[in-house]
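Asker: Below are the sequence and a predicted model; questions follow.
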Amino acid sequence: MSVDKFTLLESSCVPLPIENVDTDQIIPARFLKATSRDGFGENLFRDWRFSPSGEPVKDFVLNQSEYSGKVLVAGKNFGSGSSREHAAWAIADYGFKVVISSFFADIFRNNALNNGVLPVQVSAEFLKKLFKVVESDHSQKVIVDLEKQELKYNDEACQFEINPYKKDCLLNGFDDIDYLLNKKNKIQAFEESSLK
Amino acid sequence: MKAKTLFDKVWDAHVVEHVEGGPNIVYIDKHLIHEVTSPQAFSGLESRGLKVLRPEKTLGTPDHNIPTVNQHLPIKDEQSRKQIETLSANCEKNKIELYGLNHPNNGIVHVVGPEMGHTQPGMTLVCGDSHTSTHGAFGAVAFGIGTSEVEMVLATQCIMQSKPKKMRITIDGDLAKGVTAKDLTLYVIAQLGTGGATGYFVEYAGAAVRNLSMEGRMTVCNMSIEMGARGGMIAPDDATFEYVKGREHAPKGEAWEQALAKWKTLKTDEGAEFDMEYTYKAEDIEPRITYGTNPGMGMGITAFIPAESDIQASELPSFKKSLAYMNYELGEQILGKKVDYVFVGSCTNGRIEDLRAFASLVAGRKKADSITAWIVPGSKKVEKQAIEEGLVEILEKAGFEMRQPGCSACLAMNEDKVPANKYCVSTSNRNFEGRQGPGSRTLLASPLTAAAAAITGVISDPREFV
């Protein structure tokens, strides 16, 4: 079960200028009862997106028709808290392929990468500017080029970090398990030599 | 030989291979699983046609989504029942030991692991739960993982992880009376902020840490994730060895002696380097309480919420949003404010010592009428011990009842939900919006502070009662 390939994406953005968005906001615990990976997008940001009676909250960005796209732009320390991969599933299932922030929590970053969602970390200044641009022109597109590790829009561009192994995985659409299965003999040798 | 940190010693001994330009392949000694983050991993495994590589290094226990009353009856909610049945079926099929619901060893995964002797110094241990950092209290490298990684460990007993940077946090001196391990960790998190240790693995050191019981050390390591750390750990010492000795899955006889000799080497060498160091004084720590919607938004119980001028302009919108959710004002004191619920439990503070602390303060007093209290032991064994020690009797005399073990209102996946707009003083680990139920307002604190609130009905300083 490999991940979707990611090479280059050009898309408009959905801005969420809130800091410390934790995984309980991304997908509240009461929606974690499913035993499959599907359908979590429906409840993405559930308690910000819908009122307790289930009505869409008008001023939440996912309910504003002027914003759309496959890129979520969020405030710093995105994905903190629980290790629930359901958060990454919800984001992917909703249709986002990229999350841009100035800082990501560790476990979320791994979970996103394992689901073909690319976390793009930019400087606080770049993020601030991007929020402004997107909010003044809702159709503003950004280009995310994984090969070049570059994020750009108009005349602005910045490089982003990703470890070469993970980059390779995403570009080719394979995952860690595929990789580890090829290392079976090595793992067995480790067990025999080091676990005595 | 180059001086090494405790973390280096354990991590390096488990590296199977360093992937060029990428992460390490790290061997995992113990894999704990529960009902919420494992079903998709098992189905992934199945669709790849793979088996669990080392079932004997895997242990299952349902905890997140089980009821805390009438556990002997069938679970009413169909989805919840199915989730728990799926865990049982997956464990049975793959020959994984399971402490199922109603099993005498059932409980919260991070309470059960240590109390059954599964958790041992020098191990690598993972679980699909961010509070896996708890097990670091034994000098283990323990951290939370996502479900894809659960599948990875089931399939290969290994995980691919970049080696984190190293941080040491030293707390010198002695904690004052009424100040507990929970206050220590909430203090540290408030200093560093919720992302302050992201990218790091933390070692806790100093007299105040050294003097903590194993339960207290677990509380501190448990909360490491709340400042973003990959995990937290404490060098094992006599208190650790004493705790592990004789437990069901601990080494016995000659194997114990061998293990002990190895465990005694697990400490940071003189001169070993950390990427970051912080030092604090235990005397500066008061009983703590949080006032906002992340664990870093905390203060001494008698302090005032920061005023607008204390907050950086860039952080003000998020800060105000958080206070609006809590219905608190900038610059105000929350001591004396009304509380509706009290929750004692969770992998942070659901162990026997926590129930003892709570009982010690409410003994001979009465629960405030306005308070709904949920006292939830961390495991069946904790429950049994609380009964045997007479704690339940003390609680009942004071107007409290003890529920059955589980994660309960820490994450409110089951029926234990705090209603919207109600305030809950909670010994758990997260005060995120809606964490304890949609619209609920959580104030994180120690079991003593929870007890003080439970008898007064308002936020109270526990030092007045101990």
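Answerer: Structure received.
Asker: hang on, isn't residue A:87 packed against residue A:114?
Answerer: No: with contact defined as Cβ atoms under 8 Å, residue A:87 and residue A:114 do not form a contacting pair (11.9 Å). (Each C-beta comes from the backbone N, C-alpha and C, glycine too.)
Asker: who has more neighbours, those two?
Answerer: More neighbours sit around residue A:87 than around the other of residue A:87 and residue A:114, counting by other Cβ atoms under 10 Å in any protein chain shown; the figures are 30 against 24.
Asker: How about the contacts made by that one?
Answerer: By Cβ atoms under 8 Å, 6 or more residues apart in numbering or on different chains, the contact set of residue A:87 is A:23, A:26, A:27, A:79, A:108, A:111.
Asker: OK, contacts around residue B:144?
Answerer: Residue B:144 makes contacts with A:83, A:107, B:126, B:127, B:128, B:129, B:130, B:131, B:132, B:133, B:225, as judged by Cβ under 8 Å, 6+ apart.
Asker: one more time with 10 Å
Answerer: When the contact criterion is Cβ atoms under 10 Å, 6 or more residues apart in numbering or on different chains, the partners of residue B:144 are A:82-84, A:106-107, B:37, B:126-134, B:225, B:230-231.
Asker: related to what we said a few turns ago, and which of the contacts of residue A:87 is nearest chain B?
Answerer: Chain B has its nearest neighbour among the contacts of residue A:87 in residue A:111, at 3.9 Å by Cβ to the nearest Cβ.
Asker: Tell me if I am right that the closest one is in a helix.
Answerer: Yes: the secondary structure assignment for residue A:111 places it in a helix, going by DSSP: H, G, I helix; E, B strand; the rest coil.
Asker: Can you verify my assumption that it contacts residue A:37?
Answerer: No: contact criterion Cβ atoms under 10 Å: residue A:111 and residue A:37 do not qualify, at 11.8 Å.
Asker: Which one's more surrounded, these two?
Answerer: Neighbours per residue (other Cβ under 10 Å) separate residue A:111 from residue A:37, with residue A:111 holding more: 28 against 20.
Asker: Any idea how many residues pack against the residue of chain A found nearest chain B?
Answerer: Checking chain A residue by residue against chain B with Cβ to the nearest Cβ singles out residue A:165 as nearest, at 2.5 Å. If you count neighbours by other Cβ under 10 Å, residue A:165 ends up with 16.
Asker: Same check on residue B:77?
Answerer: There are 14 residues near residue B:77, going by other Cβ under 10 Å.
Asker: What of residue A:98?
Answerer: Neighbour count of residue A:98, defined by other Cβ under 10 Å: 23.
Asker: cool, residue B:52 as well?
Answerer: Here the neighbour count serves as a burial measure; for residue B:52 (other Cβ under 10 Å) it reads 23.
Asker: Repeat that for the one 4 residues further on.
Answerer: With neighbours defined by other Cβ under 10 Å, the count for residue B:56 comes to 9.
Asker: Then residue B:238?
Answerer: The tally of other residues near residue B:238 (other Cβ under 10 Å) stands at 8.
Asker: Could you pull up the residues touching it?
Answerer: residue B:264.
Asker: From residue B:260, how far out is it?
Answerer: According to Cβ to Cβ, to the nearest Å, residue B:238 and residue B:260 sit 10 Å apart.
Asker: same deal with residue A:70?
Answerer: Where residue B:260 is concerned, residue A:70 sits at a distance of 55 Å (Cβ to Cβ).
Asker: who's more crowded, these two?
Answerer: Shown here are residue A:70 and residue B:260; by other Cβ under 10 Å, residue A:70 has more neighbours (18 against 15).
Asker: List the residues that contact that one.
Answerer: Counted by Cβ under 10 Å, 6+ apart, residue A:70 has contacts A:9-14, A:94-98, A:117, A:142, A:144.
Asker: repeat that for 7 Å
Answerer: Neighbouring residues of residue A:70 by Cβ atoms under 7 Å, 6 or more residues apart in numbering or on different chains: A:9, A:11, A:95, A:96, A:97, A:98.
Asker: Show me the beta-bridge partners of the residue lying closest to residue B:326 once chain neighbours are set aside.
Answerer: Ranked by Cβ to Cβ, 6 or more residues apart in numbering or on different chains and with sequence neighbours excluded, the top spatial neighbour of residue B:326 is residue B:441, at 5.3 Å. On the basis of DSSP bridges, residue B:441 takes part in beta bridges with residue B:423.
Asker: Report how many residues lie close to residue B:441.
Answerer: For residue B:441, the neighbour count with other Cβ under 10 Å is 25.
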